[in-house]
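**Student:** task: produce atomic coordinates for the following.
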Amino acid sequence: MISRDRVQALPASLRGTQGVTLIELVVALSLLSLVLGSIYALVAVGGRSARTTNDFLQTQAHVRAALDNMVDEIRWAQAVSCASATAVTLSIPQDTPFSLTSPYRVTFAYDAGARTLTRREDAAGIGCPASAPGRPLAHFIGPDGLAFEYFDAGGASLGSTPTSLESIARVRMTVTAVRDRVSRTFAGDAALRAR
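**Tutor:** Numbering: from 1, shown residues only. So this is what the prediction gives:
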């Protein structure tokens, strides 16, 4: 208990003030926890968003690099051995930046099971290679995957399944990357060597 002498010793602004009731304290703590909970939720959503963005940017960089490498290699091709909507096989001669000693065939395809863009290299030969799996170039390829379209020397479209492989002078690749429900489509064109 505070004596009367001590109450009179208090400044005038504090005389007659009462303490905080239990209800006021509970209301204040409830409001504080609501504000802190909202801040935590905002930080958590921001962290998830940053992770999703970072993951997709890495996927995008891998797909873009794979597509650029495909375009570079296709530019050195002399002929198309097989052409479909989701795969292409090309003949690459020797004395190129990709093969100094011997010619080879390369197949770029979409592996729907693994959701990857693949590359398979075979020794030079006639016809299409067997359907053995290739080396993955990029992951997280969407259900639309990889699509090829072929063009003749005049720029006319031959469609995605050309009847005359000798007419193919240019190849257009379209790749769709999907990660964490975010998707982006990339495209690249390459004209075959000496066509």
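**Student:** quick one: the helices in the chain?
**Tutor:** For the chain, applying DSSP state H gives helices covering 4-9, 22-75.
**Student:** pick the most deeply packed of these.
**Tutor:** Mean neighbours per residue, mean count of other CB atoms under 10 Å, is largest over those for helix 22-75, with a mean of 13. Every residue, glycine included, has its C-beta placed from N, CA and C.
**Student:** who does it touch, helix- and strand-wise?
**Tutor:** On a contact count with 3 or more CB pairs under 8 Å, 6 or more residues apart in numbering; DSSP states H and E, helix 22-75 meets strand 87-92, strand 104-111, strand 116-123, strand 135-138, strand 170-179, strand 182-191.
**Student:** okay, now the closest residue to Thr96 other than its chain neighbours: neighbour count?
**Tutor:** Once flanking residues are discounted, Thr96 sits nearest to Trp76: 4.4 Å by CB to CB, 6 or more residues apart in numbering. A count of nearby residues for Trp76, using other CB atoms under 10 Å, gives 19.
**Student:** give me the distance between Trp76 and Phe151.
**Tutor:** Between Trp76 and Phe151 the computed distance is 18 Å (CB to CB, to the nearest Å).
**Student:** would CSV of the helices and strands packed on helix 22-75 with mean neighbour count and distance to Gly19 be doable?
**Tutor:** What follows is these, written out as CSV (neighbours: other CB atoms under 10 Å; distance: least, CB to CB, whole Å):
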stretch, mean neighbour count, distance to Gly19
strand 87-92, 22, 80
strand 104-111, 21, 72
strand 116-123, 18, 69
strand 135-138, 18, 67
strand 170-179, 20, 57
strand 182-191, 15, 55
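**Student:** closest one to Gly46 among these?
**Tutor:** Ranking the helices and strands packed on helix 22-75 by their distance to Gly46 (criterion: CB to CB) puts strand 182-191 first, at 16.4 Å.
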